[in-house]
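> sequence and predicted structure are below.
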Amino acid sequence: MFINRKFALLITESNTMKYHFNEIEAKWQKYWAENQTFKAENYSDKPKYYVLDMFPYPSGAGLHVGHPLGYIASDIYARYKRHKGFNVLHPQGYDSFGLPAEQYAIQTGQHPAITTAENIKTYRRQLDQIGFSFDWSREVRTSDPSYYKWTQWIFIQLFNSWYNNNSDKAENISELIKIFEAEGNTNVNAECDDDIEAFTVEEWNCYSSEKKQEILLKYRLTYLAETEVNWCPALGTVLANDEIVNGVSERGGHPVIRKKMTQWSMRISAYAERLLQGLETIDWTDSLKESQRNWIGKSVGASVTFNVLPNVTLSAVEGSHKIDVFTTRPDTIFGVSFMTLAPEHELVSKITTPEQKAEVEAYIEATAKRSERDRMADVKTISGAFTGAYAEHPFSKKPIPIWIGDYVLAGYGTGAVMSVPCGDQRDYDFAKHFNIPIPNIFEGVDISEEAFADKDNTIIANSDFLNGLTYKKAVKTAIYELEKLGQGKGKTNYRLRDAVFSRQRYWGEPFPVYYVNGMPQMIDAKHLPIELPEVEKYLPTETGEPPLGNATVWAWCTETNTVVDNDKIDNKTIFPLELNTMPGWAGSSQYFNRYMDPQNDKEIFSQDAINYWQQVDLYIGGSEHATGHLLYSRFWQKFMFDLGLVPYDEFAKKLINQGMILGTSAFVYRINEKPEFFVSGEVFNNYNDSEKRIETLNFIQEFTGLSLESIQLDEIHVDVKYVNASNEIDVPSFRNWMKEFKYEHIKFITTKEEQEKDIVKVNRDVEKMSKSKYNVVNPDQICIDYGADSLRLYEMFLGPLEQYKPWNTAGITGVHSFLKKLWKLYNDDNGLKVTDAAPTKDNLKTLHKTIKKVEEDIENFSFNTSVSTFMIACNELTAQKCTSKQILEPLLVLISPYAPHIAEELWNQLGHDSSISLADFPKFDESHLVESTKNYPISFNGKMRFTMELALDLSKDDIEKAVLANDKTKEQLQGREPKKVIVVPGKIVNIVG
RNA sequence: GCAGGAAUGGCGAAACGGUAAACGCACUCGACUUAGAAUCGAGAAACUGGGAGUUCGAAUCUCUCUUCCUGUACCA
């Protein structure tokens, strides 16, 4: 196939009636672009439908065949919906801020905007050649100032908002100020920082402007705070939790350390409960919803306050200390036999006794040295230290020893736990290890081997007023009693942390923020966008500031409302601007709404547009965005809903995760000691076969002269483009592959059979598609060799959309020859052969069963089975020698969402002036499928033995009689009397006996 | 550990509780050909990861075990 592609093309071109896919596809792509066939209007008499793809990051490598999978599926659905009479919005754009372009800028000095524009050009060309029905007039790019203007705008709205727990929504900060001015903050029920002090109206009114701003910052939905962040030294930036995988950066796999920095954060935690509840209302995959539930991590329980007992030796440190803990099991409060603090807990240094000081400090030092990754990897080792201090049990008033241990995480809950060893395995293991008593508070449960954590079968004992109660009742009672004492209350805890929103990078949205006396000020929305400044270098400054610190024109003049030279900063009218930029998810958190009204420069989108399109009806994309993009977007959508900007608080009604297309790698094997010798896949398989191993080793020895012991084989990837459908290598191309590999003079050791045929076979294995594995297949080449319609059909034909499946270019000939057969159904050597002949009964049956199946398939997103259905229809109609326009015309409409170019061309040949995309979907007519007879399978004890043609209008009894009278039945029964005869009319007959 | 998903020919896969493997790749043979990697035709194979149950009948429903994939985790 690879040897003489040109030759094949020449033959094709010599006959004008053949299927010239390259010409046809270019022609219709041009037609669609020129006629703006897929432009969607923001008003229509038709019902609306919004089909969205997760927009791509335009990387330098371009698309490989795995990328368009979801786009093809959504395009089929969008085209189908148009045939079904919907006004369809199907836009596309680019998530064009991001690290790779910036890393490239650091290396080469080329401005990321240039790199990005070039990459987008490649993407656009690649997308266009696949024939997508995108409305490109609505394209957005997140790095375009006219777009990020609105990203900045939302940031300002978040800054100007606080979360009122009473109304359970975001409200304008001015409302909060009114409350402060009227009654102070004691009655405010807001989602805010933990360290807020109570103040009265008088106190508020006396505060300086700075102090007021400082307080308000603690309430705002985006706020500046010193937080412990994930700092990645190699990338020179902080990372969000979802950007870290297994303790290293998702991009590049660099180590990440904890570091305190002043950063913008998003108060997404305010929306934790609504984000959780909202999942019930949307049709997303279970696994994705489950990921979000885990990430939000709701747990219901109680917070309990333990007083630290005063210690005589600590008289210098006055004041009573309290330890707050969160527990999901307040019912086990009498089982507490110690407390454990995270080593980083702020109280540790304050309560540790002089005798224990050395031990505790040594332990803290030891844990600090262990990286986050070590701590995660090693969960078995139990370690800790006793502080010497004791807390008082709230009910029994007994002293409880306070320990520190790294199994308690500083970042979750309060960083302290009440340890109940009989009810929690971690506490149990810790207690066993340090010989701490394990009191049993469960009725009739043995805890000599392990803790007992089964809530359902819990009866509490040895617990004063909780004795005899079940889990549920004991929890309620314990919380009630704790509240009475003022030492606890019911509490719901979420794992979801506020999201760090600052990045120390260049290629991202600048913040619309300047600083007056260190306090952040928003630039008025009417002066947006604040455009990225030019910088000399894209690296951090020498003083460690982010890249924007290199900009010389990066100060805000409050008089002219423009960005001016840094020299002019006087901190009176001209102030420094924020040096951080926004993270990757900023631009992608609202793009789906912006598509509805992308050129609007007065508003983020008009109310007319959003009320017309409302929300995304179908969203297709990868599952890797489960806890990043898809959670943040839901958060912003809920925020915009609170502001009254959008009609729904969920942006996407239905979401499908397309599976990944994997590569089919090809291997040969190199002899370790003599790298000029390669072994074919066949020989390698013999080598691994215990029966043939000796023989094979001798065989290899004959060629190489190596001793048997020294023969070792290394797996070598062969670029898949040098391997054909029968797994044979194109040897000359392989030799010339890459000069540095030095394959020119290698010798292949092959089996006798291979030698006879003069071939070398590879082994195949499925791996992720990647450059380093030489299994990447480029859609450009596929489009040249087989056409976009073949590519589209084949991607769908590979298997169910959601499933992971390997790509194997060899298989594409199947769908390609289907398209050629389809072409021949309409054309012969003399041109169009479609006639006005009346369709036969068989023709109609084939057409209508195809309509039924294809419609069902598309509605169920089962695109792979439709492709088979088309093949069957084409084969049947060819066999029936069908030329009837009444059949062949509607058939084209069925196929057009999948293979739009060939459908347009044939549609045009049939005499239509307008695009097939405007045609109505054919109506299914059941009457054509009604049969008079059925070929019944006749089973004996459930096993089918033969079939019998019987009329469908026979009664059960008639069928039974007819079957029992049959000779073959008698043969099967061999004289036995049937015990029972099951007749399901129209389906099956089963004889038991 | 927890959660979600999966297991069917050599490969990708079909299959409302009712004829398992449709459709395609690969394979074998034949036809047309100077030639076939084009086209047309024919063919072979494999009984659903293991075990139990429900049923007249199970790939499909239930239980159980095994393996694999994905996500997540000292989350109190």
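Looks like it arrived, so ask away.
> use CA for all of it now, contacts and neighbours both
Noted.
> listing partners with orientation, what would you give for the host helix or strand of A:Lys934?
Using DSSP states H and E, A:Lys934 falls within strand A:933-940. In the sheet, strand A:933-940 lines up against strand A:943-951 (antiparallel), strand A:988-992 (parallel) (DSSP bridges).
> TSV for those strands, including mean neighbour count and mean pLDDT?
Formatted as TSV, those follow (neighbours: other CA atoms under 10 Å; pLDDT from 0 to 100):
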stretch	mean neighbour count	mean pLDDT
strand A:943-951	14	84
strand A:988-992	20	88
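> mind checking which of these is nearest A:Trp153?
strand A:988-992 (66.4 Å; CA to CA).
> re earlier: in JSON lines, list the strands paired with strand A:933-940 along with distance to A:Tyr43.
Output for the strands paired with strand A:933-940, formatted as JSON lines (distance: least, CA to CA, whole Å):
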{"stretch": "strand A:943-951", "distance to A:Tyr43": "54"}
{"stretch": "strand A:988-992", "distance to A:Tyr43": "53"}
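> reformat those as TSV; add distance to RNA strand B.
Shown next, in TSV, are the strands paired with strand A:933-940 (distance: least, CA to the nearest atom of the strand, whole Å):
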stretch	distance to RNA strand B
strand A:943-951	5
strand A:988-992	5
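> wait, which of the ones you listed is closest to A:Thr108?
strand A:943-951 (71.1 Å).
> what does that closest one rub up against?
With contact meaning CA atoms under 8 Å, 6 or more residues apart in numbering, strand A:943-951 is reached by A:Ser932, A:Thr933, A:Lys934, A:Asn935, A:Tyr936, A:Pro937, A:Ile938, A:Ser939, A:Ile959, A:Val963, A:Lys968.
> and with 6 Å instead?
A:Ser932, A:Thr933, A:Lys934, A:Asn935, A:Tyr936, A:Pro937, A:Ile938, A:Ser939 (CA atoms under 6 Å, 6 or more residues apart in numbering).
> dump the residue contacts of the closest residue to RNA strand B within the stretch 451-600 of chain A.
With CA to the nearest atom of the strand, the shortest gap between the stretch 451-600 of chain A and RNA strand B falls at A:Arg495, namely 4.5 Å. For A:Arg495, the contacting residues are A:Ile296, A:Gly297, by CA under 6 Å, 6+ apart.
> distance check, it against A:Tyr412.
7 Å (CA to CA, to the nearest Å).
> for RNA strand B, what's its nearest residue on chain A.
Residue of chain A nearest RNA strand B, by CA to the nearest atom of the strand: A:Thr327 (2.8 Å).
> give me the buried stretch members for stretch A:907-925, please.
Residues of stretch A:907-925 classed as buried: A:Trp907, A:Leu910, A:Ser915, A:Ile916, A:Ser917, A:Ala919, A:Asp920, A:Phe921, A:Pro922, A:Phe924 (neighbour count, 16 or more other CA atoms under 10 Å).
> which of those fall in helices?
Of these, the ones assigned to helices by DSSP state H are A:Trp907.
> of the buried residues of stretch A:907-925, closest to A:Glu228?
Distances from A:Glu228 to the buried residues of stretch A:907-925, taken by CA to CA, are shortest for A:Ser917, at 54.5 Å.
> show me the strands in the stretch 51-200 of chain A, by range?
Per DSSP state E, counting those that start in this stretch, the stretch 51-200 of chain A carries strands over the ranges A:87-89, A:161-164, A:169-172, A:190-191.
> how about the ones you listed, which one is nearest A:Val563?
strand A:161-164 (25.8 Å).
> quick one: list the elements packing against the closest one.
Judged by 3 or more CA pairs under 6 Å, 6 or more residues apart in numbering; DSSP states H and E, strand A:161-164 is in contact with strand A:169-172, strand A:190-191.
> what mean pLDDT does it have?
The average pLDDT within strand A:161-164 is 96.
> how about stretch A:290-306?
89.
> what's the answer for stretch A:74-94, then?
Rounded mean pLDDT across stretch A:74-94 is 96.
> what is the end-to-end distance of it?
17 Å.
> buried stuff in that stretch?
A:74-94.
> gap between A:Thr776 and A:Arg251?
Just so we're on the same page, residue A:776 is Val rather than Thr. On the measure of CA to CA, A:Val776 and A:Arg251 end up 20 Å apart.
> which non-adjacent residue is nearest A:Ser303?
Leaving out its chain neighbours, the residue that sits closest to A:Ser303 by CA to CA, 6 or more residues apart in numbering is A:Phe326, at 4.4 Å.
> so how far is the host helix or strand of the one you found from its chain's centroid?
Assessed by DSSP H and E, A:Phe326 sits inside strand A:322-327. Its chain's average C-alpha position is 36 Å from that of strand A:322-327, according to CA atoms, centre = their mean, to the nearest Å.
> helix or strand next in line after it, which one?
Counting by DSSP H and E, what follows strand A:322-327 is strand A:338-341.
> give me the sheet partners of that following strand and which way each runs.
With DSSP bridges as the test, strand A:338-341 pairs up with strand A:399-404 (parallel), strand A:416-419 (antiparallel).
> which other residues reach it?
Where contact means CA under 6 Å, 6+ apart, the residues beyond strand A:338-341 that reach it are A:Ile400, A:Pro401, A:Ile402, A:Trp403, A:Ile404, A:Ala416, A:Val417, A:Met418, A:Ser419.
> restrict the residues you listed to those near RNA strand B?
Counting by CA under 7 Å from any atom of the strand, A:Ala416, A:Val417, A:Met418, A:Ser419 from those sit close to RNA strand B.
> if we can go back for a sec, what sits opposite the residue of chain A closest to RNA strand B in the beta ladder?
A:Ala302.
> would you mind splitting chain A into its domains for me?
What automatic domain parsing lists as the domains of chain A is A:19-141+A:595-609+A:776-781, A:154-294+A:499-576, A:298-494, A:663-767, A:810-928, A:931-992.
> could those be laid out in JSON lines, adding distance to A:Asp649?
Conversion of these to JSON lines gives the following (distance: least, CA to CA, whole Å):
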{"stretch": "domain A:19-141+A:595-609+A:776-781", "distance to A:Asp649": "15"}
{"stretch": "domain A:154-294+A:499-576", "distance to A:Asp649": "8"}
{"stretch": "domain A:298-494", "distance to A:Asp649": "20"}
{"stretch": "domain A:663-767", "distance to A:Asp649": "39"}
{"stretch": "domain A:810-928", "distance to A:Asp649": "25"}
{"stretch": "domain A:931-992", "distance to A:Asp649": "48"}
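> do you know which of these lies nearest A:Ser623?
Taking those one by one with CA to CA, domain A:154-294+A:499-576 is closest: 6.9 Å.
> next SSE after the helix ranked longest in chain A?
Counting residues, the longest helix in chain A under DSSP H turns out to be helix A:841-859. Going down the chain from helix A:841-859, the next helix or strand is helix A:863-879, by DSSP H and E.
> hmm, back to that, looking at the strands paired with strand A:338-341, which one is packed in the most?
strand A:416-419 (a mean of 26; mean count of other CA atoms under 10 Å).
> hmm, who's touching that one?
A:Val325, A:Val336, A:Phe338, A:Met339, A:Thr340, A:Leu341, A:Asp427.
> so for the very next helix or strand once past it, mean pLDDT?
Toward the C-terminus, strand A:416-419 is succeeded by helix A:425-433 as the next helix or strand (DSSP H and E). Here helix A:425-433 scores 89 as its mean pLDDT.
> stretch A:957-970 too?
86.
> residues contacting A:Val984?
Taking CA under 6 Å, 6+ apart, one finds nothing in contact with A:Val984.
> for beta bridges, what are the partners of it?
A:Val984 has these beta-bridge partners by DSSP bridges: A:Ile988.
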